[in-house]
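Sequence first, predicted coordinates after that:
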Amino acid sequence: MADNLVLDRGLLRQYDVTGPRYTSYPTAAQFTEVFDAQRYRQRVAWSNEDPMPRPLSLYVHVPFCRTVCFYCACNKVITANYRRAERYLDRLIQELDLQAALFDDDRPVEQLHLGGGTPTYFTDEDLARLIQAIGDRFPLSQGPEREFSIEVDPRTVNRERIEGLAALGFNRLSLGVQDFDPDVQKAINRIQSVEDTAAVVDEARRQGFHSINLDLMYGLPYQTPERLARTLDAVMDIRPDRIALYNYAHMPQMFRIQRQINDESLPPAETKLTLLIEAMQRLSADGYQYIGMDHFALPDDELARAANNGTLHRNFQGYATRPDLDLIGLGASSIGQIGDAYCQNKRDPEGHAEAVAAGRLPIWRGVELSADDRLRRDVIQAVMCQGGVDFSAVEERHGIMFRQYFAPALDELSPLVDDGLVEIGRESLRVTERGRFFLRNVAMPFDAYLAETRGERRFSRVI
Ligand code: SF4
């Protein structure tokens, strides 16, 4: 069934401003060092005392990569020296000790995500050591609700490795692709064949993985609508359950490695718009449901089902199906969430290692949500995940008069109402079909911090 996706070139141009992706609210721009390890321990203690303690989600950041992709904006370490990864793994296990000591043991790990960098930089033996270490310290859920996912660079795995990941308990997979065109791949220094990628997906399916995701990117050097269409032909043959179609944000002043990409090789703004529109229309025509932001899923994938039954949620990995977990971040730069507090580890592996070696949690910064933050987070989540807000539900939960409290935000939305992107009634606000691509623009007026950070290039462009 084709998704009814309405894309207007003029509106895409008009609303292409910078803005947060709202994987959290407040965003990481509001994290400060006032939130430290002591505050973190306090938050965990409170979460243990909850009459129904939330199950756990673990995110483990593995920053290592063998080669660098020139578009990369991730926190990574490019090295061929595997000793560094071994030392990092030792520190991760020490960090697990520090974290496990804080949590009551009646809180199962229902979600585990290994992200990077390249988690499959670790050898099979070291991945097994990591999973064993987690299982020795936390109760790993064995139930059907368990989601154990890993980001896989198809260039680092073969059939045997996929089989090994399944044996370790992983059941979801996300693969980086970006584009299959040889000239584009050469310009981004990421050479990866269709055949190898398809073989990884085939084997993953054979091993019982589901919700398999492929990451694509538009706006890359030498990309043309024809080249991207050929990539999409190949992707449609592979038919992943989910597709993320990201915008390449060229910011060489912030990310040095992007200086390897010649400005002249980038598609002009109008071509970039064509790439986006044609790719989205193609995915929609080929049966993928648009979830929001950059995400698409087949209608029988649980992400699409969550979007349809109103249980979609947004967290640091993007769209998700589970809202009710506390998140422990492990490794350099990883972000956690315990109840109404967010925290982030030290960004560089050296700082992370130094703290852990000294027996300290490597917490760098964080934020504890105020009542106003919680209210705005609910509203922004509702816009981003449900495409609208019921005023009375928010009023009941937070004890406010919605129209009064958010009068400035509703005023700020007037141009979007005039452009048919959003409808505001007496009791609710609804994003229209035309407005589905502009969720960030609809959410931004409810963000109390945005005025402080506007003008700074902290956030990517909406398009
Ligand atoms: S594999 Fe991922 S993290 Fe590593 S350089 Fe490429 S894009 Fe960056």
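Structure received. Residues are numbered from 1 along each chain as shown.

per the record, what domains does this protein have?
Per automatic domain parsing, the structural domains of the chain span 1-25+371-463, 26-330.

For the stretch 251-400 of the chain, just list every one of the strands.
Ranges of strands in the stretch 251-400 of the chain, per DSSP state E, counting those that start in this stretch, are 289-292, 295-297, 313-315, 318-320, 326-330, 335-338, 341-345, 363-368, 388-390.

contact partners of the fourth one?
Read that as strand 318-320. Outside strand 318-320, the residues that touch it by C-beta atoms under 8 Å, 6 or more residues apart in numbering are 23, 244, 291-295, 303, 306-307, 312-314, 385. Every residue, glycine included, has its C-beta placed from N, CA and C.

With pLDDT as extra columns, can I get these in JSON lines?
Output for the contacts of strand 318-320, formatted as JSON lines (pLDDT from 0 to 100):
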{"residue": "Thr23", "pLDDT": "91"}
{"residue": "Ala244", "pLDDT": "97"}
{"residue": "Ile291", "pLDDT": "95"}
{"residue": "Gly292", "pLDDT": "92"}
{"residue": "Met293", "pLDDT": "89"}
{"residue": "Asp294", "pLDDT": "92"}
{"residue": "His295", "pLDDT": "96"}
{"residue": "Leu303", "pLDDT": "95"}
{"residue": "Ala306", "pLDDT": "93"}
{"residue": "Ala307", "pLDDT": "93"}
{"residue": "Leu312", "pLDDT": "93"}
{"residue": "His313", "pLDDT": "91"}
{"residue": "Arg314", "pLDDT": "90"}
{"residue": "Cys385", "pLDDT": "95"}
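
Could you pick out the buried ones from these?
Taking 16 or more other C-beta atoms under 10 Å as the criterion, what is buried in the contacts of strand 318-320 is 23, 244, 291-295, 303, 306-307, 312-314, 385.

can you give me the helices in the stretch 151-300 of the chain?
159-167, 182-188, 194-206, 225-238, 269-285 (DSSP state H, counting those that start in this stretch).

how about the ones you listed in a markdown table, adding distance to the ligand and mean pLDDT?
Formatted as a markdown table, the helices of the stretch 151-300 of the chain follow (distance: least, C-beta to the nearest ligand atom, whole Å; pLDDT from 0 to 100):
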| stretch | distance to the ligand | mean pLDDT |
| --- | --- | --- |
| helix 159-167 | 16 | 96 |
| helix 182-188 | 9 | 98 |
| helix 194-206 | 14 | 97 |
| helix 225-238 | 17 | 98 |
| helix 269-285 | 19 | 95 |
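
So which of the ones you listed is nearest Leu421?
helix 269-285 (16.1 Å; C-beta to C-beta).

For the closest one, list every residue counted as buried.
Buried positions in helix 269-285, judged by neighbour count with 16+ other C-beta under 10 Å: 272-280, 282-284.

Over to stretch 7-15?
Result for stretch 7-15 [16+ other C-beta under 10 Å]: buried residues 7, 11-12, 15.

hang on, the earlier thing: which one of the contacts of strand 318-320 sits closest to Ala45?
His313 (25.0 Å).
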